[in-house]
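# Test case, fold it:
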Amino acid sequence: MKAVVLKAFGGVEELVMEELPMPTIAADEVLIQVKAISINPVDVKTRAGKGMAGRLKEIKPLIIGWDISGVVTAIGSSVIAFKKGDAVFGMVNFPGHGKAYAEYVAAPAAHLALKPSNISHEEAAAATLAALTAWQALVTHANIQAGSHVLIHAASGGVGHYAVQLAKHLGAHVTGTSSGSNKAFVLSLGANEHIDYKREVLEDVAHHMDFVLDTIGGESIDHSLNVTKQGGTVISIPSGLNETVVEKAKAKGINGYFFLVQSNGEDMQHIAALLEKGILKSTVSKIFGFDQIGEAHLAVESGRTVGKVVVTQTH
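You can find the predicted model right below:
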């Protein structure tokens, strides 16, 4: 099978297409013929030597990527949830060796859900790591309630565009930040208010937030804490893991923490149900071919993409 191997940490030229043996599956895994892959900031950071690089640096051949949608071609002896021919999607083995940049992927059945028939493989692949991050932040960790005032940073981005839709579905009053050029998009997702981070000072326009989802880190943490009410919550999830949020929040009487998204098939099933009902929608702004994975990385690295960047495979 064809796979994109990361030869060394560095630029996109280190992503090289190679012919590799087909993966073998364990009893609890399924073999998936991959139809679409989504590219995340953590992919880009890992390729460059940050992100998950520390966990993966000894692995050869190293195949990065975690987000897939495809069709089951073989099932392990203990798998009962899926059968051959099922269309499935999920974030595989995160944080670990996902091996998603390949024509075939061996994936734990416990990390997958059935793909809703009303969405494409591209839309499904998009709604994996980013949608899971939004779900685990808002539902698992923050327990957002109806009437909560929620601020979503980078609301037009991968995680952000799912988080706005999900917070709205949970009954929150949602404020989203983005550049002015993406204001209409953020409001179309269901945000009640928009803040242009390039033209407005956050502290001047946002106050007494119950919950802030910070996908940026750095100085954004301080600004987020300044607009959160006592007893409120700030979750920071930049791929660079910013532990400072915990101590800084504690000093202000705010619950602050960071977390790393985890592969979880049960959460994927919740996301699948929302996608099937049209409550969650994936925005895929750019689609690349499998032989253009370097270009897909550069698009994500620009930091200017709306929604998600996806790579498709034709077999």
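
# Next, the contact list for the most centrally placed residue in the chain, please.
Nearest to the geometric centre of the chain sits Ala130, at 1.8 Å (C-alpha atoms, centre = their mean). Taking C-beta atoms under 8 Å, 6 or more residues apart in numbering, we find Ala130 in contact with 38, 40, 158-159, 161-162, 308. (Each C-beta comes from the backbone N, C-alpha and C, glycine too.)

# Make a markdown table out of these and add secondary structure and pLDDT.
A markdown table is the format used below for the contacts of Ala130 (DSSP: H, G, I helix; E, B strand; the rest coil; pLDDT from 0 to 100):
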| residue | secondary structure | pLDDT |
| --- | --- | --- |
| Ser38 | strand | 98 |
| Asn40 | coil | 96 |
| Gly158 | helix | 96 |
| Val159 | helix | 97 |
| His161 | helix | 98 |
| Tyr162 | helix | 98 |
| Lys308 | strand | 98 |
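
# how about TSV for the residues you listed, with distance to Ala3 and neighbour count added?
Below are the contacts of Ala130 laid out as TSV (distance: C-beta to C-beta, whole Å; neighbours: other C-beta atoms under 10 Å):
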residue	distance to Ala3	neighbour count
Ser38	17	32
Asn40	18	26
Gly158	24	29
Val159	27	25
His161	29	33
Tyr162	28	31
Lys308	22	30
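
# Would you reformat the residues you listed as CSV and include distance to Gly96?
Output for those, formatted as CSV (distance: C-beta to C-beta, whole Å):
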residue, distance to Gly96
Ser38, 17
Asn40, 15
Gly158, 20
Val159, 20
His161, 26
Tyr162, 22
Lys308, 22
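
# For the protein, give me the ranges with low pLDDT.
239-243, 315 (pLDDT under 70).

# Out of the contacts of Ala130, which is nearest to Ser69?
Ser38 (8.3 Å; C-beta to C-beta).

# ok now do the residue lying closest to that closest one once chain neighbours are set aside, which residues does it touch?
Excluding the flanking residues, the one nearest Ser38 by C-beta to C-beta, 6 or more residues apart in numbering is Asp67, at 3.9 Å. Contacts for Asp67 (C-beta under 8 Å, 6+ apart) come out as 37-40, 90-92, 98, 100, 125-126, 128-129.

# between these, which has the most around it?
The most crowded member of these, judged by other C-beta atoms under 10 Å, is Gly90 (36 neighbours).

# residue ranges of the helices in the chain, please?
Ranges of helices within the chain are 41-47, 53-56, 121-126, 129-135, 158-169, 183-188, 202-205, 219-226, 244-251, 265-276, 293-301, based on DSSP state H.

# So what touches the second one?
In other words, helix 53-56. By C-beta under 8 Å, 6+ apart, the list of residues contacting helix 53-56 reads 9, 45-46, 62, 64, 95-97.

# Show me how to select, in ChimeraX, the buried members of those.
Those of the contacts of helix 53-56 that count as buried under 16 or more other C-beta atoms under 10 Å are selected in ChimeraX with:
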select :9,45,46,62,64,95,97
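
# Of the contacts of helix 53-56, which is the nearest to Leu275?
Pro95 (23.8 Å).

# Thought Ile64 was touching the closest one, still the case?
No: with contact defined as C-beta atoms under 8 Å, Pro95 does not count as touching Ile64 (11.6 Å).

# Common neighbours of those two, please.
Contacts common to Pro95 and Ile64, judged by C-beta under 8 Å, 6+ apart, are Met52.

# mind putting the contacts of Asp67 in TSV, distance to Pro21 included?
Converted to TSV, the contacts of Asp67 look like this (distance: C-beta to C-beta, whole Å):
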residue	distance to Pro21
Ile37	20
Ser38	25
Ile39	25
Asn40	27
Gly90	23
Met91	24
Val92	18
Gly98	18
Ala100	17
Ala125	24
Ala126	29
Thr128	25
Leu129	26
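
# wait, what's in contact with Ala125?
So Ala125 contacts 35-38, 67-69, 89, 310 (C-beta under 8 Å, 6+ apart).

# how close does it get to Gly180?
Distance, Ala125 to Gly180, using C-beta to C-beta, to the nearest Å: 29 Å.

# Of all the helices of the chain, which one comes closest to His141?
Of all the helices of the chain, helix 129-135 comes closest under C-beta to C-beta, at 9.8 Å.
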